[in-house]
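A.B. asks: Could you look at this predicted model? Sequence included:
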Amino acid sequence: MQLKDKVAIVTGAGQGIGAAVARAYAREGAKVAVVDLNVEAAAAVVAEIAAAGGEALGLACDVAARASVEAMAAAVTARWGRVDILVNNAGITRTAMLHKMTPEQWQQVLAVHLTGAFNCLQAVVDGMIERRYGRILYVTSTAGVLGTIGQINYAAAKAGVLGMMKSTAKELARHGITANAIAPGAATPMTETIRTDERFRDKYLERIPLGRWAEPDEIAPAFVFLASDGASYITGQLLAADGGMTIC
């Protein structure tokens, strides 16, 4: 098992890629905090993990709210004593063309993706520094690398996540902590419109060399690798699990 006895927090783990990562981590021996704003969704993933013989804890958390994050991290530490792995996966979309986007739509997306990731990072980093060990994974997007139409807030937030990851990697390397990012292809409920609406579907698929949509369970192994000892000398890197969409 690649993650035996490690303790992981996965945010936005009630569905999609987050749920797939939580299940994959549990299969690899990790104790997993399944964190989501929707506590019922988190509980369902915990039940799946338990049924498969894994160990997990479901926690409701609004990552954009500092007090909620601190309470979540304290609950994980109380249960398992430490946090070894943090996956900043929680995300939302508020779609609108830039000239129609409201300040609320802009702020809501940045609050979850950027402030939320920062809140979670600060909640666990002191313990990682003390133990001189940690794996921090950020979830970005092809939108943050290439830009997109109708989601300038989301693209800006995901580009910001890349900057946060690189700074995290540079600051924490001397403490034995790695930080990396994964840019998944369209494999989440947030991309359902792109995957199903004929106005976007075919045009988007044409940009993917593999010519098909991703499934969450085939993205999750990338998260396992970057959290494992096999990636101990990898930090500050972006891994695009996007079917070749961002080939330069």
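C.D. replies: Noted; the coordinates are in hand. Residues are numbered from 1 along each chain as shown.
A.B. asks: Wait, Ala90 touches Val10, no?
C.D. replies: No: Ala90 lies out of contact with Val10 (C-beta atoms under 8 Å); the separation is 9.1 Å. (Glycine included, C-beta is placed from N, CA and C.)
A.B. asks: mind listing the helices for the chain?
C.D. replies: Under the criterion DSSP state H, the chain contains helices at 16-27, 39-51, 66-80, 103-110, 116-131, 142-146, 152-172, 192-196, 201-205, 216-227.
A.B. asks: okay, these, which one's buried deepest?
C.D. replies: Counting by mean count of other C-beta atoms under 10 Å, helix 16-27 has the highest mean neighbour count of the helices of the chain, with a mean of 26.
A.B. asks: For Ile149, see how far away the residue nearest to Leu210 when sequence neighbours are not counted is.
C.D. replies: In space, Leu210 comes closest to Gly243 once its chain neighbours are excluded; the distance is 3.8 Å by C-beta to C-beta, 6 or more residues apart in numbering. To Ile149, Gly243 is 19 Å away according to C-beta to C-beta, to the nearest Å.
A.B. asks: Which residue of the two possesses the greater neighbour count?
C.D. replies: Ranked by neighbour count (other C-beta atoms under 10 Å), Gly243 and Ile149 place Gly243 first, with 22 against 11.
A.B. asks: Phi first, then psi, for the residue sitting furthest away from the middle of the chain.
C.D. replies: If you look at how far each residue of the chain sits from its centre, by C-alpha atoms, centre = their mean, the farthest one is His99, at 28.8 Å. Dihedral angles of His99 (phi, psi; degrees, to the nearest 10) stand at phi -80, psi -10.
A.B. asks: What pLDDT does the model give it?
C.D. replies: With respect to pLDDT, His99 scores 96.
A.B. asks: go on, Val87?
C.D. replies: On pLDDT, Val87 comes in at 98.
A.B. asks: residues contacting it?
C.D. replies: Val87 makes contacts with Ala8, Ile9, Val10, Thr11, Ala13, Gly18, Val21, Leu137, Val139, Phe223, Ala227, as judged by C-beta atoms under 8 Å, 6 or more residues apart in numbering.
A.B. asks: related to what we said a few turns ago, least reliable of the helices of the chain by average pLDDT, please.
C.D. replies: Looking at those, the bottom one is helix 192-196 with a mean of 58.
A.B. asks: tell me the centre residue of this structure?
C.D. replies: What sits nearest the mean C-alpha location of the chain, by C-alpha atoms, centre = their mean, is Asn89, with 2.0 Å.
A.B. asks: so that one makes contact with Ala20?
C.D. replies: No: counting by C-beta under 8 Å, Asn89 stays clear of Ala20, with 10.1 Å between them.
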